[in-house]
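J.: Quick one: sequence plus predicted model below, questions after.
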Amino acid sequence: MSLVVRRDATCAHNKSDATTSHMILIAIYSGARYAEIAGLTKDDFDFENNTININKSWQANDQEFKATKTKTSNRVIDMPHDIMLLAKGWTFGERYAFESTTGLPPTNNAVNKQLRRYLEKNDSKIITFHGLRHTHASYLLSKDIAIQYVSERLGHADVNITLSVYTHLLDKKRSIETQKALDELQRL
């Protein structure tokens with residue numbers, strides 16, 4: 001995961017109360033989709049248990065809440081304590097956790113512009129807000145977090161979706177695991 005984005009988004013929080021920065025932090029640490037994060041309300045944040053509850057999404061075209069992408073997209077995501085401490089200090093909107101000056105969640109475009117500013121500032125590879133979801137999953141998989149858990153965390157309908165999206169990472173891991181297995185078998 002890009003620590004540059006994390007550090008910058010955290011610093012931005014300390015310098016301002018930019019709603020888009022808050023959304024970026026939640027995306028980095030949850031792997032949630034834009035519509036899921038835009039659809040959060042203050043009641044979806046459980047500061048006692050350090051979780052966020054994904055139970056609806058924001059439909060920008062209709063400007064209303066809608067059901068999540070799939071049934072398994074409804075989920076409770078465990079969050080790092082430090083991030084939830086930061087979030088506890090944020091000012092949430094009345095209807096949406098993340099409200100822009102319009103009273104609606106910031107647009108996907110607005111969040112992407114903020115993310116681009118952070119990445120350009122540090123000469124990092126430019127990714128989209130949705131790319132944070134892939135970065136989240138790739139990071140966890142690279143740290144040997146079980147694919148079943150990552151799949152559930154992302155709200156995928158089944159683990160096969162996760163397998164197909166992240167097959168390039170898993171192929172690389174397979175090569176490493178093959179060599180480790182052969183080394184161990186050689187020791188018999």
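T.: All right, it came through fine.

J.: Please report how far the residue most central in space within the chain lies from residue 69.
T.: A centroid search over the chain (CA atoms, centre = their mean) returns residue 31, at 2.3 Å, as the residue closest to the centre. Applying CB to CB, to the nearest Å, one obtains 13 Å for the distance of residue 31 from residue 69. Backbone N, C-alpha and C define where each C-beta goes, glycine included.

J.: And for residue 162?
T.: Relative to residue 69, residue 162 is positioned 14 Å away (CB to CB).

J.: Pick out whichever of these two has more residues nearby.
T.: Neighbours around residue 162 and residue 69, counted as other CB atoms under 10 Å, are more numerous at residue 162. The numbers are 22 against 16.

J.: could I get the helix ranked longest in the chain in PDB with only the CA atoms?
T.: Across the chain, the longest stretch assigned as helix under DSSP state H is helix 167-186. As requested, the backbone C-alpha atoms of helix 167-186 are provided in PDB (Å, rounded to 0.1, in the frame of the first residue of the first chain):
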ATOM      1  CA  THR A 167      -4.500 -14.000 -10.400                       C
ATOM      2  CA  HIS A 168      -1.300 -12.200 -11.400                       C
ATOM      3  CA  LEU A 169      -0.300 -11.800  -7.700                       C
ATOM      4  CA  LEU A 170      -1.300 -15.400  -6.900                       C
ATOM      5  CA  ASP A 171       0.800 -16.800  -9.800                       C
ATOM      6  CA  LYS A 172       3.900 -15.000  -8.500                       C
ATOM      7  CA  LYS A 173       3.100 -16.300  -5.000                       C
ATOM      8  CA  ARG A 174       2.600 -19.800  -6.500                       C
ATOM      9  CA  SER A 175       6.100 -19.800  -7.900                       C
ATOM     10  CA  ILE A 176       7.600 -18.800  -4.600                       C
ATOM     11  CA  GLU A 177       5.500 -21.400  -2.700                       C
ATOM     12  CA  THR A 178       6.600 -24.100  -5.200                       C
ATOM     13  CA  GLN A 179      10.200 -23.400  -4.500                       C
ATOM     14  CA  LYS A 180       9.600 -23.400  -0.800                       C
ATOM     15  CA  ALA A 181       7.800 -26.700  -1.000                       C
ATOM     16  CA  LEU A 182      10.500 -28.300  -3.200                       C
ATOM     17  CA  ASP A 183      13.200 -27.000  -0.700                       C
ATOM     18  CA  GLU A 184      11.300 -28.600   2.200                       C
ATOM     19  CA  LEU A 185      10.800 -31.900   0.300                       C
ATOM     20  CA  GLN A 186      14.500 -32.000  -0.600                       C
END
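
J.: No further queries at this time; thank you.
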